[in-house]
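Q: quick one, structure for this:
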Amino acid sequence: MKTENIKQYNDQFMEYYERYHNDIFRFCMIKTSDRSRSLEITQETFMRFWKYIISGKDIKQERPLLYRIANNLIIDSYRKKKAILVENFSLGKYENNISIDYSEKQENILDGERIINILNELPDLNREIITLRFINDFSISEIAKTVKLDNKTVSVYLHRGIKQLRKLVKKYER
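A: As a prediction, the model looks like this:
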């Protein structure tokens, strides 16, 4: 590989890293609720993306590719560490960190946890599509490329997912 190619690949990689690393980390945090695992998965996502870049393959849309890599790594991590996650959750690891403080920040944290819990009640594909659309600000076509479905199917899943989400929110508000 020539030095000028490496420079070009490095520049391209750094541009994508600077543009998307926060979004990928946030995506991982929502899916795993574990900061250290999210950091590891984000790092591995970009390492695999780097290998993809230096392979010389043409990248038409880098954002869906990065999210697909991250999502696959998250799925792999669940398969490897499922027992640990269930154990942490059953021990109440997440609730123990909540202090009795009624400030606005605390309320936002609780609302965020409540929304994540409600999102987790949705079927996996609906949750992923809603997360990509409203948290990661993906377009319908970017979501379609990420989850490997056509645009119309993604729109239907999004519509049905939002409808289910509204029902769940109403249930929790009672």
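Q: can you pull the contacts of the residue positioned nearest the centre of the chain?
A: For the chain, the residue sitting closest to the mean C-alpha position, by C-alpha atoms, centre = their mean, is residue 27 at 2.5 Å. By C-beta atoms under 8 Å, 6 or more residues apart in numbering, the contact list for residue 27 reads 67, 70-71, 131, 135-136. The way it works is simple: take the backbone N, C-alpha and C, and place the C-beta from them, glycine included.
Q: and it, helix, strand or coil?
A: helix (DSSP: H, G, I helix; E, B strand; the rest coil).
Q: give me the pLDDT for it.
A: At residue 27, the pLDDT value in this model is 90.
Q: next one: the one 4 residues further on
A: At residue 31 the predicted local distance difference test score is 85.
Q: in the host helix or strand of it, which residues are buried?
A: Here residue 31 sits within helix 3-32, counting by DSSP states H and E. Across helix 3-32, burial judged by 16 or more other C-beta atoms under 10 Å covers 9, 13, 16, 20, 23-25, 27-32.
Q: Throw the residues you listed into JSON lines and include distance to residue 159, thanks.
A: Putting the buried residues of helix 3-32 into JSON lines (distance: C-beta to C-beta, whole Å) gives the following:
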{"residue": "9", "distance to residue 159": "40"}
{"residue": "13", "distance to residue 159": "37"}
{"residue": "16", "distance to residue 159": "31"}
{"residue": "20", "distance to residue 159": "27"}
{"residue": "23", "distance to residue 159": "24"}
{"residue": "24", "distance to residue 159": "26"}
{"residue": "25", "distance to residue 159": "29"}
{"residue": "27", "distance to residue 159": "22"}
{"residue": "28", "distance to residue 159": "26"}
{"residue": "29", "distance to residue 159": "26"}
{"residue": "30", "distance to residue 159": "21"}
{"residue": "31", "distance to residue 159": "22"}
{"residue": "32", "distance to residue 159": "27"}
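Q: tell me which of those residues is nearest to residue 113?
A: residue 30 (11.3 Å; C-beta to C-beta).
Q: distance check, the closest one against residue 70.
A: Using C-beta to C-beta, to the nearest Å, one gets 11 Å for the distance from residue 30 to residue 70.
Q: pLDDT of the helix or strand hosting residue 71, averaged?
A: In the assignment (DSSP H and E), residue 71 maps to helix 62-90. Mean per-residue pLDDT for helix 62-90: 75.
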